[in-house]
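Colleague: The sequence isn't on hand, but the structure is:
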């Protein structure tokens, strides 16, 4: 069974810092990997999707990389802002009979203070 | 992309009762998923609901407790039956679109069982 781990569990930084959030997974036979943002009491917002054949994706100040062979992904946030405060979830997409099914990590709770 | 709505957004229910959660998508999708997020935890898949077939449940979840309907390609319901305080969670539906299998989530239903 796929297991997804996110480090650190929580992170508190001053505004303007560049951040790296880490995600690791145990089974490299994945279809894709998605990073989500979750605000308190809300649903999930998709940030970046990386297909298994890709190495990285970028959107604005966000950059996600994927090293499938080592079972790792990182989410890089440049020039962090207080509005980035949220929980960031990494999810790995199943490749097998349940294509589309996601396995989630427990998230990194990010606080960016002014 | 897909826009997903859920009803109700939140509810407080008494032990032993049942609640049906509705999920509506703004476009036709094949695969819909129901997840549970218990307090302080990450997301756990309850079942996959494909139109025209029975829902597929994950280990630890049974149809008698979480019956699912999928009458068409834009709508699904999840019922939480004979509720106990341990069922207090956020319940989220999601869909995948296109060949990338990018997943989109509804805003969630926050359930409290007293």
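Modeller: Now that the structure is in, tell me what you want to look at. None of these values were measured; they are calculated from a predicted model. Residues are numbered from 1 along each chain as shown, chains lettered A, B, ... in the order given.
Colleague: residue closest to the middle of chain B?
Modeller: With distances taken as C-alpha atoms, centre = their mean, residue B:34 lies nearest the centre of chain B, 3.3 Å away.
Colleague: Secondary structure element for that residue, which one?
Modeller: Applying DSSP states H and E as the criterion places residue B:34 in strand B:31-37.
Colleague: Any idea how many residues pack against the nearest residue to residue A:67 once chain neighbours are set aside?
Modeller: With sequence-adjacent residues excluded and distances taken as C-beta to C-beta, 6 or more residues apart in numbering or on different chains, residue A:67 is closest to residue A:73, at 7.3 Å. C-beta coordinates here come from the backbone N, C-alpha and C atoms, glycine included. If you count neighbours by other C-beta atoms under 10 Å in any protein chain shown, residue A:73 ends up with 27.
Colleague: Contacts for the strand or helix carrying residue A:73, please.
Modeller: Using DSSP H and E, residue A:73 falls within strand A:72-77. Surrounding strand A:72-77, the residues in contact under the criterion C-beta atoms under 8 Å, 6 or more residues apart in numbering or on different chains are A:18-25, A:33, A:35, A:47-48, A:50, A:61-67, A:84, A:88, A:90, A:110.
Colleague: what's the answer for stretch B:66-85, then?
Modeller: Applying C-beta under 8 Å, 6+ apart, the contact partners of stretch B:66-85 are B:13-30, B:32, B:34, B:46-47, B:49-52, B:55, B:57, B:64-65, B:87, B:91, B:93, B:111, B:113-114.
Colleague: If we use 6 Å, what do you get?
Modeller: With C-beta atoms under 6 Å, 6 or more residues apart in numbering or on different chains as the test, stretch B:66-85 has contacts from B:13, B:15, B:17-25, B:28, B:32, B:34, B:46-47, B:49, B:51, B:55, B:65, B:87, B:113.
Colleague: Check stretch A:94-103 too.
Modeller: A:2, A:4, A:29-31, A:91-93, B:31, B:96, B:101, B:103.
Colleague: Just the buried positions in that stretch, please.
Modeller: Residues A:94-95, A:100-103 are the ones in stretch A:94-103 that count as buried (16 or more other C-beta atoms under 10 Å in any protein chain shown).
Colleague: and which of those is nearest to residue A:8?
Modeller: Residue A:8 lies nearest to residue A:103 out of the buried residues of stretch A:94-103, by C-beta to C-beta, at 19.6 Å.
Colleague: List the buried residues of the next helix-or-strand element following the strand holding residue B:34.
Modeller: Later in the chain than strand B:31-37, the nearest helix or strand by DSSP H and E is strand B:43-50. Within strand B:43-50, the residues that count as buried by 16+ other C-beta under 10 Å are B:43, B:45-50.
Colleague: quick one: the very next helix or strand once past strand B:43-50 to chain centroid distance?
Modeller: From strand B:43-50 onward toward the C-terminus, using DSSP H and E, the following helix or strand is strand B:56-57. Distance of strand B:56-57 from its chain centroid, counting by C-alpha atoms, centre = their mean, to the nearest Å, is 12 Å.
Colleague: and what of stretch A:29-42?
Modeller: The answer for stretch A:29-42 is 6 Å, by C-alpha atoms, centre = their mean.
Colleague: and it, average pLDDT?
Modeller: Taken as a whole, stretch A:29-42 has an average pLDDT of 91.
Colleague: Next, the residues that contact it from outside, please.
Modeller: If you take C-beta under 6 Å, 6+ apart as the criterion, stretch A:29-42 is touched by A:44-52, A:64, A:66, A:73, A:75, A:86-93, A:95.
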